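Chemist: Here's a sequence, model it:
(2 chains, ligands or ions: 5)
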Amino acid sequence: MSSIKIELRQEDVDKIKDICASFNNEPQELINVLHKCQEHFGYLPAEIQEVVSQELSIPVAKIYGVITFYSFFTMTPKGKHPISICMGTACYVRGAEKVLDEFKKELGLEVGQTSKDGKFSLSSLRCVGACGLAPVVMIGDKTYGRVAPDDVKDILREYE
Amino acid sequence: METIRLTIDNKTVEVPKGTTINKAAKEIGIDIPVLCWMELHDLNIENRPAGCRICVVEIDGRRNLAPSCATKCEEGMVVRTHTTRVLNARRTVMEFILSDHPKDCLTCPKSGNCELQTLAHQLGIREIPGQEIAAMSTYRKDTSPSIIRDLDKCILCRRCEMMCNEVQTVGALSAVNRGFMAVVAPAFEQNLEHSTCTYCGQCVAVCPTGALTEVDHTPEVLRALADPTKTVVVQTAPAVRAAMGELFGMKPGTLVTGKMVSALRALGFDYVFDTDFAADLTIMEEGTELLDRLNRFLQGDKTARLPILTSCCPGWVNFFEEYFPDLKDVPSTAKSPQQMFGAIAKSYFADKIGISRKDMVVISIMPCLAKKYECQRDEFSEDGNPDVDFSISTRELAAFIKQANIDFNNLEDGDFDAPLGESTGAGVIFGTTGGVIEAAVRTAYEIHTGKKLEKVDFTELRGFEGVRSATIDFDGFPLNIGIAHGLGNARKLLNDVRSGKSLFHAIEVMACPGGCIGGGGQPLHHGNSEILKARAAAIYEEDRNKPIRKSHENPFIIKLYEEFLGKPNSEKAHHLLHTQYFDKKKKIVVKQ
Ligand code: SF4
Ligand code: SF4
Ligand code: SF4
Ligand code: FES
Ligand code: FES
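Modeler: Ligands and ions are numbered 1, 2, ... in the order given. Okay, the predicted model is just below:
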């Protein structure tokens, strides 16, 4: 039998309920609701999924299914410095994958993971609209353009 | 009705508009193989994800092969079901599925009864190219009290998901992850035990492979039988006798009551008893409770809770504890027949033969997987000694009989032992949807009106419609009865009860579509609802053949009350035969 205890702060519960209500608690709006929740909380842990499940009357297994299917949803909190590497066509063609590999190697992380100390997290993005600067890397609000694999070490040093 | 003419393999066929190619082909005797597709026609259940592509056919004028299970016939269509292109595509699909599938058929619980295995055989697959190089994904095994999930064997047909979500509306399972890690799992990939699963076993009943199976308790049974210090008592549920013959090559609907009794005796059980006896007892307790609530209601007592809901199905009990805990005072408090039997066997009967309860082992043979969980519930034991020690399914018993190389088909018919083996026709029909309430009506009518029933068959309560209702004339009082089978249908009736809209006085619920005859522990029907109909017919036949057909006329039940229990709903009866329900709904705990 279900044994998960959902522990959230009241204001968080209220926020999730507000988001669901802004979509009229419509089950078809699940993806939009999840987007908004992730925007607000940064990630979608089990607790949030449980509340959304109750508000939209969708089994939580289904919600978990959706979250694990779409790569832009994440269940792990972002790091203090979230690193996003653009994998859009322009960046890809200009070698974004090699840059990503370098970040993976330097940090010992896979895409979607957060470092143990909570400092860095790694994710990939679709075109961020700065194709002229390809390949593009974003760390927090800061954008780095024309990044080469060799630059990765230097960039990371800025955050030590 | 608008019809459509088309050609399949050079034969012309005319079918109603909307028919799929696969069904049209079947009309003219062409069996196109299917894997993910499944249908239980009479129950309105269909799984059509068009995911596996095993069923592809060639359609003239179309570039791509089409899945026949999901493609509708069109006027003038020309379909070919076994061109070399089709055969090659099927083989490729099969090889692809098998490349990520373990090859342990030898020890797989589904071996011999696995749709994937049958298909691989039919398609003549002898080797699986690329399996050496393909990285085989592995997924942990999950064992719950009733069900084992071995997801390496999952082919993602999503039949289980359809059963759990659409039919049962439990929603414990969903397809999760992508690519090689894609499986069907509970939320957060937790174990089934920590999900909202009711253990109805309907996912197991439709899984085409060994990915979902029952927990096998035959080793424990064997151990008990081998222990000379134990008296081993067995009880058999009504639905088992109407289905087990299928596992010995008999026609669906063949009753094997007598052979089953002889086989159990041959296996070494000391006493072969009948759960039907406990079903009669359930009627005494539940029927009395119904009449009590009804009389109080008629006298204007506002606290009388109506409708009363039957409580003999543990899958259903799990469901309302999870989803309708606010209504937990609505169901009857009567235990299920399995548990009533255990409680009486380990008290009344143990006393009678002069042994203590710990020297007795009670085994149940059930069509059901929820019963495995039910007999492990804390409230059904005394000092850690359970009333029912182990429950095995119809499938497990058949396998056990084969293991012991008993020639089942040629066994003489045996008779149940007295006193807990004697039952009436009312106890028998517990096995099918509508049966419990019909049995209750037979008894409640006579007690309430003081009159003898002219006819005991209440055909208005029978059938396969998911939600049914009927009004029975209780000598001037119209008793409104509701019946639901399948948890999704039950949910509809429960929602009405919750909102105060329900006009029923009594509602029967069985978790499995068709009732226990379609239980999760029964021989696999592989999506053929004719089989369920034949089993129901067999149950009603056994009822008709019984000399006594009303529970309160069972002489051994009368004796049990005289010698031991006193009256129905007496204090002793309450202690032994009734239970309580728990709120298992997930709670949102607010952090301070
Ligand atoms: S046993 Fe029933 S409730 Fe549990 S997962 Fe299977 S279909 Fe769903
Ligand atoms: S577990 Fe069985 S029924 Fe469910 S998707 Fe996998 S193979 Fe199909
Ligand atoms: S309907 Fe019968 S087989 Fe199905 S869960 Fe209920 S008791 Fe078990
Ligand atoms: S593709 Fe990377 S910014 Fe457009
Ligand atoms: S049976 Fe038709 S696609 Fe699976």
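Chemist: C-alpha only now, for contacts and for neighbours.
Modeler: Fine.
Chemist: for the residue nearest to the spatial centre of chain A, helix, strand, or coil?
Modeler: Central residue of chain A (CA atoms, centre = their mean): A:T74, 5.0 Å from the mean position. What DSSP: H, G, I helix; E, B strand; the rest coil gives for A:T74 is coil.
Chemist: For the nearest residue to it once chain neighbours are set aside, grab the count of nearby residues.
Modeler: The shortest distance from A:T74 to any non-neighbouring residue, by CA to CA, 6 or more residues apart in numbering or on different chains, is to A:Y43 (5.4 Å). Residues lying near A:Y43 (other CA atoms under 10 Å in any protein chain shown) number 18.
Chemist: So A:Y43, which state does it fall into?
Modeler: For A:Y43, the assignment made with three-state DSSP gives coil.
Chemist: Quick check: the gap between it and B:T471.
Modeler: As judged by CA to CA, to the nearest Å, A:Y43 and B:T471 stand 54 Å apart.
Chemist: The nearest residue to B:V467 once chain neighbours are set aside: what's it in contact with?
Modeler: Excluding the flanking residues, the one nearest B:V467 by CA to CA, 6+ apart is B:A484, at 4.6 Å. Neighbour list for B:A484: B:433, B:466-468, B:490, B:493, B:507-510 [criterion: CA atoms under 8 Å, 6 or more residues apart in numbering or on different chains].
Chemist: For residue 43, list the residues it contacts.
Modeler: Going with chain A. A:37, A:73-78.
Chemist: my question was about chain B
Modeler: B:464-466, B:513-514, B:529.
Chemist: go with 10 Å
Modeler: The contact partners of B:L43, by CA atoms under 10 Å, 6 or more residues apart in numbering or on different chains, come to B:167, B:464-466, B:485-486, B:513-514, B:529, B:532.
Chemist: Take those and lay them out in JSON lines including distance to ligand 5.
Modeler: Formatted as JSON lines, the contacts of B:L43 follow (distance: CA to the nearest ligand atom, whole Å):
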{"residue": "B:V167", "distance to ligand 5": "19"}
{"residue": "B:F464", "distance to ligand 5": "26"}
{"residue": "B:E465", "distance to ligand 5": "26"}
{"residue": "B:G466", "distance to ligand 5": "26"}
{"residue": "B:H485", "distance to ligand 5": "27"}
{"residue": "B:G486", "distance to ligand 5": "24"}
{"residue": "B:P513", "distance to ligand 5": "22"}
{"residue": "B:G514", "distance to ligand 5": "24"}
{"residue": "B:S529", "distance to ligand 5": "18"}
{"residue": "B:L532", "distance to ligand 5": "22"}
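Chemist: Tell me where the model's unsure across chain B.
Modeler: B:130-137, B:588-592 (pLDDT under 70).
Chemist: In it, which residue is most central in space?
Modeler: B:G519 (1.2 Å).
Chemist: Who are the contact partners of that residue?
Modeler: Taking CA under 10 Å, 6+ apart as the test, what B:G519 contacts is B:200-202, B:204-205, B:239-240, B:366-370, B:393-394, B:431-432, B:510-513.
Chemist: Recalculate using a threshold of 8 Å.
Modeler: Remark: with contacts taken as CA under 8 Å, 6+ apart, B:G519 is in contact with B:200-202, B:205, B:367-369, B:512-513.
Chemist: That one and B:G51, how far apart?
Modeler: Counting by CA to CA - B:G519 and B:G51 are separated by 27 Å.
Chemist: shouldn't B:A278 be in contact with B:F341?
Modeler: Yes. Between B:A278 and B:F341 there is a contact at 5.2 Å, judged by CA atoms under 8 Å.
Chemist: all strands of chain A, in order?
Modeler: A:6-9, A:81-86, A:120-125, A:137-139, A:142-144 (DSSP state E).
Chemist: quick revisit: switch the contacts of A:Y43 over to a markdown table; also include distance to ligand 4 and pLDDT.
Modeler: Below are those laid out as a markdown table (distance: CA to the nearest ligand atom, whole Å; pLDDT from 0 to 100):
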| residue | distance to ligand 4 | pLDDT |
| --- | --- | --- |
| A:C37 | 25 | 95 |
| A:F73 | 20 | 90 |
| A:T74 | 21 | 87 |
| A:M75 | 25 | 88 |
| A:T76 | 24 | 84 |
| A:P77 | 24 | 83 |
| A:K78 | 21 | 81 |
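Chemist: I'd like to know which of those are buried.
Modeler: For those, a neighbour count by 16 or more other CA atoms under 10 Å in any protein chain shown gives the buried set as A:37, A:73-75, A:77-78.
Chemist: just checking, what packs against the least confident helix or strand in chain A by mean pLDDT?
Modeler: Here the helix or strand of chain A ranked lowest by mean pLDDT, DSSP states H and E is strand A:6-9, holding a mean of 74. If contacts are counted by 3 or more CA pairs under 8 Å, 6 or more residues apart in numbering or on different chains; DSSP states H and E, strand A:6-9 sits against helix A:46-56, strand B:588-591.
Chemist: Those: which one's closest to ligand 2?
Modeler: Across those, ligand 2 has its closest neighbour in helix A:46-56 (22.1 Å, CA to the nearest ligand atom).
Chemist: The closest one vs chain B: in contact?
Modeler: Yes. Counting by CA under 8 Å from any CA of the partner chain, chain B is contacted by helix A:46-56 at A:46, A:51.
Chemist: looking at the helices and strands packed on strand A:6-9, which is buried most?
Modeler: For these, the largest average neighbour count (mean count of other CA atoms under 10 Å in any protein chain shown) is found in helix A:46-56, namely a mean of 21.
Chemist: In terms of secondary structure, what does it contact?
Modeler: Contacts defined by 3+ CA pairs under 8 Å, 6+ apart place helix A:46-56 against strand A:6-9, helix A:10-22, helix A:60-69.
Chemist: how far is it from where the chain is centred?
Modeler: The chain centre lies 18 Å from the centre of helix A:46-56; the measure is CA atoms, centre = their mean, to the nearest Å.
Chemist: burial measure for the nearest residue to B:A404 once chain neighbours are set aside, as a count.
Modeler: In space, and not counting its chain neighbours, B:A404 is closest to B:L267: 7.5 Å by CA to CA, 6+ apart. By other CA under 10 Å, 15 other residues sit near B:L267.
Chemist: quick one: B:L267 from B:F248, how far?
Modeler: Using CA to CA, which is the criterion applied here, B:L267 is 17 Å from B:F248.
Chemist: Would you pull up the residue in chain B closest to ligand 4?
Modeler: Closest to ligand 4 within chain B is B:R178: 24.1 Å, counting by CA to the nearest ligand atom.
Chemist: B:V234 - that's part of a strand, no?
Modeler: Yes. Judged by three-state DSSP, B:V234 forms part of a strand.
Chemist: does the closest residue to it other than its chain neighbours sit in a helix, a strand or a coil?
Modeler: Once flanking residues are discounted, B:V234 sits nearest to B:I363: 4.7 Å by CA to CA, 6+ apart. Following three-state DSSP, B:I363 is assigned to strand.
Chemist: what's across from B:I363 in the sheet?
Modeler: B:V234, B:F390 (DSSP bridges).
Chemist: I'd like the domain boundaries of chain A, if you could list them.
Modeler: A:10-69, A:81-157 (automatic domain parsing).
Chemist: Can you redo these as CSV, where the extra columns are distance to ligand 1?
Modeler: Putting the domains of chain A into CSV (distance: least, CA to the nearest ligand atom, whole Å) gives the following:
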stretch, distance to ligand 1
domain A:10-69, 11
domain A:81-157, 29
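Chemist: Could you point out which of the ones you listed sits nearest B:E39?
Modeler: When the domains of chain A are compared by CA to CA, domain A:10-69 sits nearest B:E39, at 22.7 Å.
Chemist: picking up where we left off before, for the residue nearest to the centre of chain A, give me its contacts.
Modeler: Counting by CA under 8 Å, 6+ apart, A:T74 makes contact with A:43-44, A:67-68, A:112.
Chemist: quick one, what contacts the closest residue to A:L107 other than its chain neighbours?
Modeler: Distances taken as CA to CA, 6+ apart place A:S115 nearest to A:L107, at 7.5 Å, with adjacent residues excluded. Going by CA under 8 Å, 6+ apart, A:S115 touches A:79, A:107, A:109, A:121.
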